[in-house]
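Colleague: when you get a sec, could you give me coordinates for this:
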Amino acid sequence: MAAAAAAAEQSAEQFRGQARLPRFAAPRRYDVRLAPDLAACAFAGSVAVSLAVGAPTRFLVLNAADLDVAPGAVSFAPQGSDKVLQPAEVTNVPADEILIIRFDEVLPLGEGTLSIAFQGTLNDKMKGFYRSVYELNGEKKNMAVTQFEPADARRCFPCWDEPAFKAVFKITLEVPSETVALSNMPVVEEKVNGATKTVYFQESPIMSTYLVAVIVGIFDYVEALTTDGTRVRVYTQVGKSAQGKFALEVAVKTLILFKEYFAVPYPLPKMDMIAIPDFASGAMENYGLVTYRETALLFDEKHSAAANKQRVAVVVAHELAHQWFGNLVTMEWWTHLWLNEGFATWVSYLAADQFFPEWNIWTQFLEESTTGFKLDALAGSHPIEVDINHVDEIDEIFDAISYRKGASVIRMLQSYLGAEVFQKSLAAYIKRYAYSNAKTEDLWAALEEGSGEPVRTLMHSWTKQQGYPVVSVKLKDGKLHLEQTQFLSSGATGVGQWVVPITLCCCSYSRQEKFLFHGKQEDFNVSGLMECQKKCDFWIKLNVNQTSFYRVSYDEELASRLSVLDDTYALCMAGKQKLVSLLHLIAAYKDETEYTVLAHAIDTSLNIADMMSIAAPEELDNLKKFLIGFLEPFAQKLGWDAQSGEGHLKALLRGTLFTALAELGHEATINEAVRRFNVFLEDRETSLLPPDVRKAAYVALMQTVNKTNKGGYESLLKIYRETDLSQEKVRVLGSLASSPDPDVVREALDFILSPEVRNQDAIFVLRGVSSRAHEVAWQWLKENWDYISETFSGTLLTYFVTVTVSPLATDEKGDEAEEFFKSRTKANIARTVKQSIERVRINAKWVKSTKGEADLSNVIKELAHKR
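Modeller: Numbering: from 1, shown residues only. Next up is the predicted model:
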């Protein structure tokens, strides 16, 4: 009686402003019918939701956004009754993206069907049910596409749009007869009726709304079968299907690998993957119908670079991992997003390593860790598990913490527990939570059960607090003395403390010690350490293979042999080490042979040059001379032209190396690049400019461009306009703003906002802005902010802030950014703005500390003239 009385007291007001939907009713099955009008960019639809009413209520509350729902188009039919209840009131609450349906009477407990008819727009925002533009026989056409993660299914049909409300879906589409209609499940029937046809899809297994997908357009495809009979297809624009073959091969192998790894078969009868011309993120793991940017799915043997091939393989493996980890077992709420993304990132490297061992992918994985380190060293970072109190906050956590740090701590745990124990425990977790939802704690429980190790205690310190430690290593009276402090790029002292899984080798990699470091500081007796120490070539290495997410600082006695480049760079930025020690360290890498280490040395070198252009512009010529002298021997040895059978990593290095030399203004590189480019401009099939060095040549060409000599810029635009390969377009866009002339950079930035550049690709121009033009880009962002914030959303909008604000390096610019965003910050960019301004402060501090290094000028001179 009390519950019924409470239902009588309910009011619409109590449902406003809530983070989550009420739990008194839950969907069991959706019957969704959609009829998109591709020419008018609109759609009509209806949904019949079978739901279970579990508590007395006069209200049904579900999500809907940007949909027109007429009051007369809503009804509720309790099961087993002839009665159809019409609502007394239907209230649309745009601020909360909910539909509040009030009935005059309390709804009967048990099953019933809620029916709603609605209309919507095929928007151009790349979320919800949207339109993407493609060309067919020279004519522009619209395709209809869905992108529902994190919370945009509600823009296509009214639904309980939270991951925990899993249900089955029966999709029916009414589409133009000539189009291909795709959804998560196979087609069971098509009925053609003149110019339109109705396509009925098989009912799906139980799944979350964010994984539902619908696509309508005209496509080609290539297909194959896995060894156990699953049909796999790659859909492309007409004429591009051959570019889908590499992804198809990877997908077929990946589905079999993951079936074995998770010890559960792929749950659906088919796997479709499709390249979408307008797509906000890299890819999306919709159950059985994975959507991708063209650059993440298509590979052209002749015109794609080695880096493109690797990206396709890793992204395909990432999305297919989600079919188990995310789709079959789904996070309970967005707080646990990292479970999806961190895990899929880690396991995609596992797959790539299996298929392409020659790529040395686990060494390249260190780039994932480094990106995580950079963000997590900010005071404005966030824990891996982050409370989400409003739907607007979700987009911002699709970041380097959820993906890169998430993947790194999974790798750390797997390395500590051992590969076999980890895999078996994971398989048990997947079986236990299949077709339902799980939280982070559920994974820890399964791993603890399988390993007997204190996984919860260990991992809570890594997922529930932000940041990471720097572990200082000293030898003291024959013991290993370890001390941990939270690392912050600002140089400040943090209060975090972690349970650190230590792996340690001493004078030999053949024997490894493992133990957990719990305290702020501890002494450890390490067997064999004393004997080892007596050797003249004594060394000690913590964090073997860099599998754990912490930095190491060795004392002076150990540092000369073992300081790792990334740790030294980070400590230098934080004011804990001098720039001269970092420069000496870079010089010591002159004989480096490992691609990842050398690529990192190059990246670090360019960052130093960036900073020095502000801190000590008078030293820039000598610094560049030193860096060119460091890189030139590698370039001479490698050459512009690939040697037969040289391998994937050399191809990756060639592009990185020549791009860096061009950015540093190396004359010989620029001249040779321009020579090769001019041949390429006349003959796109020439072997003189293969895809691996094309970006380097474009950047080199742009070094010759200024406002009075724009020939190179115009030539790149010509290539951009003439190619239909997305990867080529991206290479051009990434080079346009690399000119040293601010006026040319300004023109390139304006080009972003022209109809010629798809919104998804704007970021590539911004990333390519030359170091001398960061302030130009900031000025441009401010002037165009109103348009940008209206036009872009989600991660695309946060990129504008991060890429433009973060490189600034004076306190004045930090104050300016703070002032500018004070009145312009909404929940969807608040975290990004805070992090970006913090980076400006850190850069400014580094500039100041560099200015204070008395011996810097002499050291740079000495390095510049040393041969």
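
Colleague: quick check: the residue nearest to residue 798 when sequence neighbours are not counted vs residue 553, distance?
Modeller: What sits nearest to residue 798 in space, not counting adjacent residues and going by C-beta to C-beta, 6 or more residues apart in numbering, is residue 832, at 4.2 Å. For the C-beta atoms, the positions are set from N, CA and C on the backbone; glycine is no exception. Here residue 832 is placed at a distance of 30 Å from residue 553 (C-beta to C-beta, to the nearest Å).

Colleague: check what pLDDT residue 609 gets.
Modeller: Looking at residue 609, its pLDDT reads 96.

Colleague: now swap in the one 3 residues further on and tell me
Modeller: Residue 612 is assigned 95 on the pLDDT scale.

Colleague: now do residue 367
Modeller: 86.

Colleague: now do the strand or helix carrying it: everything it contacts.
Modeller: Per DSSP states H and E, residue 367 falls inside helix 366-376. Helix 366-376 has contacts (C-beta atoms under 8 Å, 6 or more residues apart in numbering) with 345, 349, 381, 399-401, 403-405, 407-408, 466-468, 489, 546, 549, 551, 566, 570, 596, 599-600, 835.

Colleague: among those, which are located in helices?
Modeller: 345, 349, 407, 408, 566, 570, 596, 599, 600, 835 (DSSP state H).

Colleague: what about residue 109, neighbour count?
Modeller: Burial of residue 109 is recorded as 16 neighbouring residues (other C-beta atoms under 10 Å).

Colleague: how about the nearest residue to it, chain neighbours excluded?
Modeller: Residue 109 sits nearest to residue 53 (C-beta to C-beta, 6+ apart), 5.4 Å away.

Colleague: isn't residue 640 up against residue 676?
Modeller: Yes. When contacts are counted by C-beta atoms under 8 Å, residue 640 is listed as touching residue 676 (6.9 Å).

Colleague: do you know how far the closest residue to residue 438 other than its chain neighbours is from residue 156?
Modeller: Counting by C-beta to C-beta, 6+ apart, residue 438 lies nearest to residue 329, which is 5.5 Å off, once chain neighbours are set aside. Using C-beta to C-beta, residue 329 is found at 24 Å from residue 156.

Colleague: of these two, who's got more company?
Modeller: The neighbour count for residue 329 versus residue 156, taken as other C-beta under 10 Å, is higher for residue 156 (33 against 23).

Colleague: do you know the pLDDT at that one?
Modeller: 98.

Colleague: against residue 197, how distant is it?
Modeller: 20 Å.

Colleague: which SS class is the nearest residue to residue 37 once chain neighbours are set aside?
Modeller: Among residues not flanking residue 37 along the chain, residue 43 sits closest, at 6.5 Å (C-beta to C-beta, 6+ apart). Under DSSP: H, G, I helix; E, B strand; the rest coil, the three-state class of residue 43 is strand.

Colleague: tell me the bridge partners for residue 43.
Modeller: Under DSSP bridges, the beta-bridge partners of residue 43 are residue 36, residue 120.

Colleague: isn't it right up against residue 128?
Modeller: No. Counting by C-beta under 8 Å, residue 43 does not reach residue 128; the two are 10.3 Å apart.

Colleague: any common contacting residues for those two?
Modeller: 120, 156.

Colleague: now do the residue nearest to residue 426 when sequence neighbours are not counted against residue 837, distance only.
Modeller: Ranked by C-beta to C-beta, 6+ apart and with sequence neighbours excluded, the top spatial neighbour of residue 426 is residue 262, at 6.8 Å. Counting by C-beta to C-beta, the gap from residue 262 to residue 837 is 42 Å.

Colleague: all strands of the stretch 451-600 of the chain, in order?
Modeller: 469-476, 479-486, 500-506, 513-517, 521-524, 540-542, 551-554 (DSSP state E, counting those that start in this stretch).

Colleague: rewinding a little: quick check: the residue nearest to residue 438 vs residue 539, distance?
Modeller: 43 Å.

Colleague: same question for residue 446.
Modeller: Taking C-beta to C-beta, one finds residue 446 at 38 Å from residue 539.

Colleague: and these two? Which one has more around it.
Modeller: Set side by side, residue 446 and residue 539 show more neighbours around residue 446, with 22 against 14, by other C-beta under 10 Å.

Colleague: for the more buried one, helix, strand, or coil?
Modeller: helix.

Colleague: for it, give me its contacts.
Modeller: 425, 426, 428, 429, 432.

Colleague: same check on residue 474?
Modeller: Going by C-beta under 8 Å, 6+ apart, the list of residues near residue 474 reads 480, 481, 483, 555.

Colleague: and the first one, what's its pLDDT?
Modeller: What the model reports as pLDDT for residue 480 is 85.

Colleague: the chain should start at 272 in everything you say after this.
Modeller: Let's use 272 as the start, then, which means that last one is residue 751.

Colleague: hey, what's it bridged with?
Modeller: residue 746, residue 795.

Colleague: quick check: the gap between residue 754 and residue 730.
Modeller: Distance from residue 754 to residue 730, by C-beta to C-beta: 22 Å.

Colleague: tell me which of these two has more neighbours.
Modeller: Neighbour totals were compared for residue 754 and residue 730, and residue 730 leads with 22 against 16 (other C-beta under 10 Å).

Colleague: just checking, the more buried one touches residue 684?
Modeller: Yes. Between residue 730 and residue 684 there is a contact at 6.6 Å, judged by C-beta under 8 Å.

Colleague: higher neighbour count, residue 911 and residue 947?
Modeller: residue 947 (22 against 19).

Colleague: one step back: turn the strands of the stretch 722-871 of the chain into TSV, columns for distance to residue 512.
Modeller: Shown next, in TSV, are the strands of the stretch 722-871 of the chain (distance: least, C-beta to C-beta, whole Å):
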stretch	distance to residue 512
strand 740-747	50
strand 750-757	51
strand 771-777	47
strand 784-788	49
strand 792-795	59
strand 811-813	49
strand 822-825	47
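
Colleague: nearest to residue 287 among the contacts of residue 745?
Modeller: Proximity to residue 287 was ranked across these by C-beta to C-beta; first place goes to residue 754, at 50.8 Å.

Colleague: can you tell me the closest non-neighbouring residue to that closest one?
Modeller: residue 792 (4.0 Å).

Colleague: show me what contacts the closest residue to residue 960 other than its chain neighbours?
Modeller: Distances taken as C-beta to C-beta, 6+ apart place residue 951 nearest to residue 960, at 4.0 Å, with adjacent residues excluded. Residues near residue 951 by C-beta under 8 Å, 6+ apart: 957, 959, 960, 965, 968.

Colleague: going by neighbour count, which of those comes out on top?
Modeller: residue 968 (29 neighbours).

Colleague: wait, it sits on residue 949?
Modeller: No. Residue 968 is beyond contact range of residue 949, at 9.9 Å (criterion: C-beta under 8 Å).
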